[in-house]
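K.L.:
mind looking at a prediction? Sequence and model below.
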Amino acid sequence: MQSVLGIGTQTAARLLVVTGKIGRFENSRSYVAYFGLAPRNIISGHCGTPDSRRRNQAVYNRGQGKVSRRGDKIARSLIIQGAGSIYMLNCKNQLQECQLKRWLDQQMASRKAYGKIIVSLAAKLLRIIWALLTRKEEFDIHKAGVS
């Protein structure tokens, strides 16, 4: 797990202790939600119907609030710090060419806020970690970020 970008010894140890058995998470989405990095869904009823006043907003994006901030506070802050270090490497052009770099460049080009990019990058890192732990594979920079 330490071979993943932005993950050091403290972060890896904390994630392993808090996670426990990885098999209890059926998918990567539930693993991200366990650490409180998934957006809260604050919509009630009629979630699939388009609204005529909000034509530009996608149906799946409506009703999503801030991240839930449930789960282990320290593990969440460590993974966000790791995402911040990856962001900094990318800004200094020290991140090697890969899918993750292309995704990050695309997020920055769309002029998203810094905090939103960092939180979505942290969630992506957790999905990568979930995939590594469930498949028992080594981290490969060229596979990272490929859905």
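P.N.:
That came through fine. Numbering: from 1, shown residues only.
K.L.:
show me which residues of the helix or strand Ala33 falls within are buried.
P.N.:
Assessed by DSSP states H and E, Ala33 sits inside helix 28-34. By neighbour count on 16 or more other CB atoms under 10 Å, the buried set for helix 28-34 is Ser28, Tyr31, Val32, Ala33, Tyr34. Heads up, the C-betas are built off the backbone N, CA and C, glycines and all.
K.L.:
mind putting those residues into TSV with distance to Ser120 and pLDDT?
P.N.:
Output for these, formatted as TSV (distance: CB to CB, whole Å; pLDDT from 0 to 100):
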residue	distance to Ser120	pLDDT
Ser28	14	89
Tyr31	15	91
Val32	10	90
Ala33	14	89
Tyr34	17	90
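K.L.:
how about Leu78, nearest residue that isn't a chain neighbour?
P.N.:
Distances taken as CB to CB, 6 or more residues apart in numbering put Thr11 closest to Leu78, at 4.2 Å, once the chain neighbours are dropped.
K.L.:
contacts for the strand or helix carrying that neighbour?
P.N.:
Using DSSP H and E, Thr11 maps to helix 9-19. Outside helix 9-19, the residues within contact range by CB atoms under 8 Å, 6 or more residues apart in numbering are 1-2, 7, 25, 31, 34-35, 71-72, 74-75, 78-79, 81-82, 129, 133.
K.L.:
avg pLDDT for the longest helix along the chain?
P.N.:
Secondary structure assigned by DSSP state H gives helix 114-135 as the longest helix of the chain. Mean pLDDT, helix 114-135: 89.
K.L.:
in the chain, where is pLDDT below threshold?
P.N.:
Applying pLDDT under 70 to the chain flags residues 40-66, 68, 142-147.
K.L.:
for Lys136, see how far away the residue nearest the centre of it is.
P.N.:
What sits nearest the mean C-alpha location of the chain, by CA atoms, centre = their mean, is Ala123, with 1.1 Å. If you measure Ala123 against Lys136 using CB to CB, to the nearest Å, the figure is 22 Å.
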